[in-house]
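Colleague: just a sequence and a predicted model for now, questions to come.
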Amino acid sequence: MTEDIETPTPGAPPRLGLATLLDGLGHELDHAAELLRRYERAVLAHKSLPGAAQGGARELQLVDLVIQLLEDLGPLTGRVAETIPPDAAVPCAVVEGLRLDQLRAVLGGATRREKPHSGGHIDVF
């Protein structure tokens, strides 16, 4: 995907294909949904914890709502990316404000991650 980064004129800042950026964003939204799905499963596995707050099921439904939003936005972003003209580009600097190096690399044209972040072991307190 690094071929989607270009320098249109000498001295101009490098530009990133807009379709590439949107496609990567959609892919990362799908990964975020999967991470939340894993979290939801972990919480449900421990639903019988003593002292669980009243209304905990309602809060878990909010997590499910976020998952559904992400699962809709990921494919939508990918479909929008398919409609972008091939020469549409944005400055590569648009991804520089992201906190996660890995996310900056993926959205900046690096190889797409095929599996979600491992996230390690989830402990429910």
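Modeller: In hand now; what should we look at? Numbering: from 1, shown residues only.

Colleague: pick out the residue nearest the middle of this protein.
Modeller: Nearest to the geometric centre of the chain sits residue 28, at 2.5 Å (CA atoms, centre = their mean).

Colleague: next structured bit after the lowest-mean-pLDDT helix or strand in the chain?
Modeller: Using mean pLDDT, DSSP states H and E, the weakest-scoring helix or strand in the chain turns out to be strand 5-6, at a mean of 60. Once the chain leaves strand 5-6, the next helix or strand it forms, by DSSP states H and E, is strand 15-17.

Colleague: buried stuff in the helix or strand that that next one is followed by?
Modeller: Using DSSP H and E, the helix or strand that follows strand 15-17 towards the C-terminus is helix 18-45. Using 16 or more other CB atoms under 10 Å as the burial criterion, the residues of helix 18-45 that qualify are 18-37, 39-40, 43. No exception for glycine: its C-beta is placed from N, CA and C like everyone else's.

Colleague: what of stretch 66-84?
Modeller: Going by neighbour count (16+ other CB under 10 Å), the buried part of stretch 66-84 is 67, 70-71, 73-74, 77-78, 81, 84.

Colleague: isn't residue 37 right next to residue 68, touching?
Modeller: No: under the criterion of CB atoms under 8 Å, residue 37 makes no contact with residue 68, lying 10.3 Å away.

Colleague: any stretches of the protein with poor pLDDT?
Modeller: Counting by pLDDT under 70, the ranges of the chain that qualify are 1-9, 47-56, 109-125.

Colleague: same thing but at 50, please
Modeller: 1-3 (pLDDT under 50).

Colleague: can you get me a residue count around residue 105?
Modeller: Counted with other CB atoms under 10 Å, residues neighbouring residue 105 total 15.

Colleague: no, scratch that, I was asking about residue 102
Modeller: For residue 102, using other CB under 10 Å, the count is 12.

Colleague: quick check: it is in a strand.
Modeller: No: counting by DSSP: H, G, I helix; E, B strand; the rest coil, residue 102 is located in no strand; its state is helix.
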